[in-house]
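Enquirer: Dropping a prediction and its sequence here:
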Amino acid sequence: MSEKKFHLPARKKKHTDKSEVARITKDAYNAAVDMFNDSQCSLSQVISKAILFASENAVYDKED
């Protein structure tokens, strides 16, 4: 399996101890619905797992 990485500009935001709402694009939502329809997980579980996977495979472009 080939390694896939994507680049993001670095930014700062504080962590939270509660569930939060984040707006996503229509295309991202539809992709999540497709993943939901193929899984046994709730939509929030699908999106959470996708975000955690992405966070492990992202490359942050930090300004020095």
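Expert: Nice, thanks for sending it over. Numbers count the residues shown, from 1 in each chain.
Enquirer: Phi first, then psi, for F6.
Expert: Main-chain dihedrals, F6, degrees, to the nearest 10: phi -130, psi 150.
Enquirer: Burial check on it, number of neighbours?
Expert: By other C-beta atoms under 10 Å, the residues close to F6 number 8. Every residue, glycine included, has its C-beta placed from N, CA and C.
Enquirer: Mind pulling up the pLDDT for it?
Expert: Note for F6: predicted pLDDT of 71.
Enquirer: ditto for K14
Expert: For K14, the pLDDT comes out at 85.
Enquirer: what residue is smack in the middle of the protein?
Expert: Residue closest to the average C-alpha location in the chain (C-alpha atoms, centre = their mean): I51, at 2.4 Å.
Enquirer: which residues are contacting the helix or strand hosting that residue?
Expert: According to DSSP states H and E, I51 maps onto helix 43-56. With C-beta atoms under 8 Å, 6 or more residues apart in numbering as the test, helix 43-56 has contacts from F6, I24, A32, V33, M35, F36, S39, C41.
Enquirer: Need the three-state assignment for Y60.
Expert: Using DSSP: H, G, I helix; E, B strand; the rest coil, the structure places Y60 in strand.
Enquirer: excluding its backbone neighbours, what's nearest it?
Expert: Spatial nearest neighbour of Y60, chain neighbours left out: A10 (4.6 Å); criterion: C-beta to C-beta, 6 or more residues apart in numbering.
Enquirer: Kindly provide the distance from the one you found to V21.
Expert: With distances taken as C-beta to C-beta, to the nearest Å, A10 is found 23 Å from V21.
Enquirer: the more surrounded of these two?
Expert: A10 (8 against 4).
Enquirer: quick one: that one and D61 touch, right?
Expert: Yes: the criterion here is C-beta atoms under 8 Å, and A10 meets it with D61 at 6.3 Å.
Enquirer: How about the helix holding I51, which residues are buried there?
Expert: Neighbour counts over helix 43-56 (16 or more other C-beta atoms under 10 Å) mark V46, I47 as buried.
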